[in-house]
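Asks: everything below, folded, please.
(one chain, ligands or ions: 1)
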Amino acid sequence: MTAPLSSRLRGFGTTVFAEMSALALATGSVNLGQGFPDYPGPREVLDVARGAIGTSADQYPPGPGIPELRAAIAGHQQRFSGLTYDPDTEVLVTAGATEALAATMLALLEPGDEVVLFEPVYDSYSASVAMAGGVVRAVPLHPPVDGTGPWTFDEARLRAAVTPRTRLLLVNTPHNPTGKVFTSEELALLADLAKQHDLTVLTDEVYEHLVFDGARHVSPAGLPGMRERTLVVSSAGKTFNVTGWKVGWICGPAPLVAAVRTAKQFLTYVNAGPFQPAVAAGLRLPDAYFAAAAGDLQRRRDVLVAGLAGAGLPVISPEATYFATVDVRPVRPDGDGLAFCRALPDLAGVVAIPTVVFYTPEHADLGRHLVRFAFCKSDALLADAVERLRRLG
Ligand SMILES: *Cc1c(COP(=O)(O)O)cnc(C)c1O
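Replies: Next up is the predicted model:
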């Protein structure tokens, strides 16, 4: 029998996340691989979900999402990015950010259309481009030379990645796995390019609130002339510590959102009935909640970054997100981050993810020596991880 996997999905077999999580389980290691919090979300949000179960909220919600949630999403966009969206025609609730991204690819791409994105890249992007018959054009992000300063990209390489077949520019800011927040200058360059080549911009902003040290998240949609060509994706998972709820959304001009809705209605149609009013309550929380969430995570970042540095691993401290990146070369002179991750459970009882898996083979050398650790973990778990990492020293 020939292999059952379609040619579109060839090469997307099993992920390193599955391998590393299995390794954590088998070795009793602290799992700093996958990015999910081990502490609960805000009570005001959880209580609404509990109260909604057993009511009519258990049945199919309206296709675009319940009106209360769409209004709360529009209100949240207005409050934090100053952008106005019509809840009825310019907001769509999705099964997580993941479905919003996949539905956009399916809605907008013709076979052979190209999507320009930055790598290292969140793992679902390339797969969803492939499922839609599109082609990825990856522009590499370069790690800071001496471990400090921002990740950067080469403007000429970005310009060269845009061809007559380019349909979408996909930007993830704040960025997973690097923790980079794209600067105003970088976003202005992307905006110029999009306008010059008449591209649609798709932005993944799921870490919009988890930004540290006074850095500021700017939505590319807010730049001059960009709202009309930008689809903004975000999600409740990271903002409210509920990654398993899979409540996401997409905002943009009505014709683009209508196109995405057409694809979305035949993927899941709807999802997360009782969670929709709960996320609406979350999005209406006062500014203080969002500031505290960032401050709390910044403190966790500082604990892990200090622990990693103490273990002799040079750390690229992130400006945002759930993740810190280390250079393994002081511990592994061959610079093999994947081998480091496979050995780490035995060496120290900790699991992490090799950054190389977030690069296409073409640019894998750039991330070969780097490893990603998640710090969205309880104080007790982080303290345990830091203690274990000392064994490396
Ligand atoms: C976690 C994550 C997602 C997935 O969001 P869901 O709402 O769980 O689908 C999408 N993009 C990035 C960059 C992420 O880190």
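Asks: what's the closest non-adjacent residue to the closest residue to the ligand within the stretch 51-200 of the chain?
Replies: With C-beta to the nearest ligand atom as the measure, Gly96 is the residue of the stretch 51-200 of the chain nearest to the ligand, at 2.5 Å. Yep, even glycine has a C-beta here, placed from its N, CA and C like the rest. Leaving aside its chain neighbours, Gly96 sits nearest to Lys246 (3.8 Å; criterion: C-beta to C-beta, 6 or more residues apart in numbering).
Asks: tell me the SS of the one you found?
Replies: Under DSSP: H, G, I helix; E, B strand; the rest coil, the three-state class of Lys246 is coil.
Asks: measure the residue nearest to Val331 when sequence neighbours are not counted to Val371 for me?
Replies: Among residues not flanking Val331 along the chain, Leu392 sits closest, at 5.8 Å (C-beta to C-beta, 6+ apart). Using C-beta to C-beta, to the nearest Å, Leu392 is found at 12 Å from Val371.
Asks: who has more neighbours out of those two?
Replies: Using other C-beta atoms under 10 Å as the criterion, Leu392 and Val371 rank with Val371 on top: 27 against 18.
Asks: for the closest residue to the ligand within the stretch 101-250 of the chain, give the beta-bridge partners.
Replies: For the stretch 101-250 of the chain, the residue closest to the ligand is Ser235, as judged by C-beta to the nearest ligand atom, at 3.1 Å. Assessed by DSSP bridges, Ser235 has beta-bridge partners Gly248.
Asks: burial measure for it, as a count.
Replies: Other residues close to Ser235 by other C-beta under 10 Å number 28.
Asks: wait, doesn't it sit right on Ile250?
Replies: No. Assessed by C-beta atoms under 8 Å, Ser235 is found out of contact with Ile250, at 9.9 Å.
Asks: who touches both of these two?
Replies: Here Ser235 and Ile250 have Ala100 as joint contacts, going by C-beta atoms under 8 Å, 6 or more residues apart in numbering.
Asks: how close does the residue of the stretch 101-250 of the chain closest to the ligand get to Leu210?
Replies: Distance from Ser235 to Leu210, by C-beta to C-beta: 12 Å.
Asks: swap in Glu387?
Replies: Distance, Glu387 to Leu210, by C-beta to C-beta: 25 Å.
Asks: comparing these two, which shows the higher neighbour count?
Replies: Using other C-beta under 10 Å, the more surrounded residue of Glu387 and Leu210 is Leu210, with 23 against 14.
Asks: please see if stretch 241-255 touches the ligand.
Replies: Yes. Judged by C-beta under 6 Å from any ligand atom, stretch 241-255 and the ligand are in contact via Thr243, Lys246, Gly248.
Asks: oh, I was asking about stretch 54-68
Replies: No. Judged by C-beta under 6 Å from any ligand atom, stretch 54-68 and the ligand are separated, with a smallest distance of 13.8 Å.
Asks: need the residues of the stretch 151-300 of the chain near the ligand, please.
Replies: So the stretch 151-300 of the chain meets the ligand at Asn172, Asn176, Asp204, Val206, Ser235, Gly237, Thr243, Lys246, Gly248 (C-beta under 6 Å from any ligand atom).
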